[in-house]
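Peer 1: Next come a sequence and a model predicted from it.
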Amino acid sequence: MITVSSIIQKKISRTFRIDPNLCPVFLSERPEFGDYSTNCAFVLAKERGTSPFLIAEDLRKEIESKKLLAPYCDRVEVKNGYLNFFLSDKFLVQCHADWSSCIAPLKSTEKSKRVVIDFSSPNIGKTLSVAHIRSTILGESLSRIYEHLGWRVIRDNHLGDWGMLAAKLIAAYKLYGRKPLLRVTIADMQKWYVRFTTSEKDHPELINRAKQETVALQGENSESMQIWKALRTASLREFHRLYKILEVRFDHEFGESHYRELSSQLVPQLVRKGIAKRSQGAIIVSLDEYGLPPILVQKSDDASLYATNDFATTVFRYKKWKPDLSLYVVANEQSLYFEQLFRAFEKYRLSPGTKLVHVKFGMIRGADGKKLSTRRGAFISLEELLQKATQRAQRIAKKKNPLLKQNELIRVAAAVGIGALKYQDLSQNRNTDIMFDWEKMLSLQGNSAPYIQYTYARLASILRKARLKPISSSKFVFGEEEGLLMRKCVQFGEVVEKSASEYAPNIIANYVYDLCSLINGFYERIPILKSEEPQRSVRLAVIKHASETIKASLYLLGISVMNKM
RNA sequence: GCCCUCGUAGUUUAACGGAUAAAAUAGGGGACUUCUAAUCCCUAGAUCGAGGUUCGAUUCCUCGCGAGGGCACCA
């Protein structure tokens, strides 16, 4: 994978002995500023006490006379104190000839870096809702992005399938369940669970029943254990159905239950090491030195907690995979909690080998601006959302292109509907809250997935009609318009790297949208099939690269393309 | 009370401390005998307030104002 900006940065920092951090090289904002720019002259001006314009000019002369950036850039300009670099045509032709090195995913090997991505992570017994959509879609996209960069990605769906939740589900089933276990659905469980928790207030004995279930769950062959297994399986069945529609997959679904042994061993271990101590009957890890409130790892009735389990999970993952990076794709609301968890883990392992990151995101809020909750009656099931999205897409697809065959129509509707939903979320900076709005969620207009998919379909149609004949590199000359498009395509690699390092798929979304907007302008102005050789071949080649770039970008967002729509 | 996230055109959103703050949508005007008009072109419109740091601030700091979230036995 070629990332020209880091090459330029390295050469400049080495040649002029500048700290690489002081000469950041970034993609230019406009064509007249070239392809890459650096503001290092400003930084150096401060250190040396001279004018940034003079420094920039000196650097430019030196770079040009030594041909420092050959073969990548053949032109350097100084403008407003910035150094602007222009990719050479020679380099663009080289990219064309070896296109796969620009766009193909890197292969992962034994030595590749490893990342564990913890995402989606729903609770069993409860229907997936819009609240799960962000983590699920973001996590899947991040997984694909890291895979593209050659990392070994371990996707783990950390199900909430244990503890009080599980106990209450079992107790509720025993009380209200009139169905054989095999026929129980998530909707049933949810109904029973809600009934159970709402009656708790007036009937405190229900809490005791649930506590008894937690004890009963310790017997591997108890009736409660059989019920639990069945409820868990039924939940997973439904989750998997929706994940399949969303094109989301996991390597593991260990869930909290997997760590029950480890959790129980952990607390005494923490106490022995002097990390945890008893306080007000409970066991806590104090985090005073970080200015954080303490984290509870055991309740005063000796039961374990969320944190205990997560701590054990972190230990388990560390031992099993020795990951370089571990991402927890979980909403903003849990910021404090994760900070506590990571600090506590830091105390446990004095030199952590894994970088732990809470990839947080804004909440989906209701029309009233408040958190969506079942209690407020603001429950919107994911299934309903997916259905509506697909239905609307189908209606519109039929209107727009009546020639589509039935099977094509169905494929288009799914790709467009689901794609729009994902794009709507992923194209936004992940920290911004989303106000839930049916219209917005399902919109197929403007800056949306179908705009990009449509651009792809247009190009596919041209390529179908064209029959490509490869022409030799020596005859290959980019005109201005073709060059502009090619330059944008060449940026793909660095865009992917940036989005990975910031855990921000929206960088890819913004990029592919820009690319398409460029393509559509090109499409309007420049004839392709009807142009003369050798231009025709050059244009076709660029169009092909562009369409592959769209496809690859959308793939990283978890969105599919089609040849007709 | 303390902590976290956020505040940008009418609306929904972009923007590594940098160049003329970018789009979509709604509004006004235009382009299909031409590779798919789910398209393109033109037009009007914005950084919550007050200070500070900086050559340069939507971005960093302080104080306000506003929205949302979190803060010991839920997950």
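Peer 2: Received the coordinates, thanks. Residues are numbered from 1 along each chain as shown, chains lettered A, B, ... in the order given.
Peer 1: Where does the stretch 151-300 of chain A get nearest to RNA strand B, residue-wise?
Peer 2: A:Lys299 (2.9 Å; CB to the nearest atom of the strand). In short, each C-beta sits where N, CA and C put it, glycine included.
Peer 1: likewise chain A?
Peer 2: For chain A and RNA strand B, the shortest gap (CB to the nearest atom of the strand) falls at A:Gly446, measuring 2.1 Å.
Peer 1: A:Lys440 versus that residue, what's the distance?
Peer 2: 11 Å (CB to CB, to the nearest Å).
Peer 1: do A:Thr50 as well
Peer 2: Distance, A:Thr50 to A:Lys440, by CB to CB: 52 Å.
Peer 1: When the two are compared, which one has more neighbours?
Peer 2: Neighbours were counted for A:Thr50 and for A:Lys440 using other CB atoms under 10 Å; A:Thr50 has more, 13 against 10.
Peer 1: Can you classify the more buried one by secondary structure?
Peer 2: Following DSSP: H, G, I helix; E, B strand; the rest coil, we place A:Thr50 in the coil state.
Peer 1: Got the phi and psi for it?
Peer 2: Backbone torsions for A:Thr50, taken as degrees, to the nearest 10, come to phi -120, psi 180.
Peer 1: Quick one: the helices in the stretch 251-400 of chain A, in order.
Peer 2: Counting by DSSP state H, counting those that start in this stretch, the segments of the stretch 251-400 of chain A that form helices are A:260-272, A:306-321, A:335-348, A:382-400.
Peer 1: what's the most buried one of those?
Peer 2: Neighbour counts (mean count of other CB atoms under 10 Å) averaged over each of these peak at helix A:306-321, with a mean of 20.
Peer 1: Now it - C-alpha only, PDB.
Peer 2: Extracted in PDB, the C-alpha atoms of helix A:306-321 (Å, rounded to 0.1, in the frame of the first residue of the first chain):
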ATOM      1  CA  TYR A 306     -20.400  -6.100  35.300                       C
ATOM      2  CA  ALA A 307     -16.900  -4.800  36.000                       C
ATOM      3  CA  THR A 308     -15.700  -8.200  37.400                       C
ATOM      4  CA  ASN A 309     -16.700  -9.900  34.300                       C
ATOM      5  CA  ASP A 310     -15.200  -7.200  32.000                       C
ATOM      6  CA  PHE A 311     -12.000  -7.400  33.900                       C
ATOM      7  CA  ALA A 312     -11.900 -11.100  33.500                       C
ATOM      8  CA  THR A 313     -12.700 -10.700  29.800                       C
ATOM      9  CA  THR A 314      -9.800  -8.400  29.400                       C
ATOM     10  CA  VAL A 315      -7.400 -10.800  31.200                       C
ATOM     11  CA  PHE A 316      -8.700 -13.700  29.100                       C
ATOM     12  CA  ARG A 317      -8.200 -11.900  25.800                       C
ATOM     13  CA  TYR A 318      -4.800 -10.800  26.800                       C
ATOM     14  CA  LYS A 319      -3.700 -14.300  27.600                       C
ATOM     15  CA  LYS A 320      -5.400 -15.900  24.600                       C
ATOM     16  CA  TRP A 321      -4.500 -13.600  21.800                       C
END
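Peer 1: which outside residues touch that helix?
Peer 2: A:114, A:116, A:154, A:156, A:158, A:162-163, A:254, A:256, A:258-259, A:262-263, A:266-267, A:295-298, A:323, A:326, A:337, A:340-341, A:344-345, A:348-349, A:352-354, A:356 (CB atoms under 8 Å, 6 or more residues apart in numbering).
Peer 1: quick one, strands of chain A?
Peer 2: Assigned by DSSP state E, chain A shows strands spanning A:25-27, A:36-38, A:73-79, A:82-87, A:114-118, A:152-156, A:276-279, A:282-285, A:295-298, A:325-329, A:355-359, A:364-365, A:434-435.
Peer 1: quick one, domains of chain A?
Peer 2: Following automatic domain parsing, one gets these domains for chain A: A:4-87, A:163-246.
Peer 1: Would you format these as a markdown table with distance to A:Ser560 included?
Peer 2: Shown next, in a markdown table, are these (distance: least, CB to CB, whole Å):
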| stretch | distance to A:Ser560 |
| --- | --- |
| domain A:4-87 | 27 |
| domain A:163-246 | 11 |
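Peer 1: In TSV: the ones you listed, plus mean pLDDT.
Peer 2: What follows is these, written out as TSV (pLDDT from 0 to 100):
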stretch	mean pLDDT
domain A:4-87	90
domain A:163-246	93
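Peer 1: JSON lines for these, including distance to RNA strand B?
Peer 2: Formatted as JSON lines, the domains of chain A follow (distance: least, CB to the nearest atom of the strand, whole Å):
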{"stretch": "domain A:4-87", "distance to RNA strand B": "3"}
{"stretch": "domain A:163-246", "distance to RNA strand B": "4"}
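Peer 1: residue ranges with poor pLDDT in chain A?
Peer 2: Chain A contains residues with pLDDT under 70 at A:350-352, A:373-378, A:468, A:470-474.
Peer 1: make it 80
Peer 2: Along chain A, segments meeting pLDDT under 80 span A:1-2, A:47, A:49, A:350-352, A:373-379, A:467-475.
Peer 1: if we can go back for a sec, please name the nearest non-neighbouring residue to the residue of the stretch 151-300 of chain A closest to RNA strand B.
Peer 2: A:Ala282 (5.7 Å; CB to CB, 6 or more residues apart in numbering).
Peer 1: List the contacts of the one you found.
Peer 2: By CB under 8 Å, 6+ apart, the contact list for A:Ala282 reads A:296, A:298-300.
Peer 1: Please report which of these has the highest neighbour count.
Peer 2: The contacts of A:Ala282, ranked by neighbours (other CB under 10 Å): first place A:Gln298, 24 neighbours.
Peer 1: check contacts around that residue.
Peer 2: Applying CB under 8 Å, 6+ apart to A:Gln298 gives the contacts A:267, A:276, A:282-283, A:304-305, A:308.
Peer 1: Nearest to A:Lys201 among the residues you listed?
Peer 2: Closest approach to A:Lys201 among the contacts of A:Gln298 (CB to CB): A:Leu305, at 22.2 Å.
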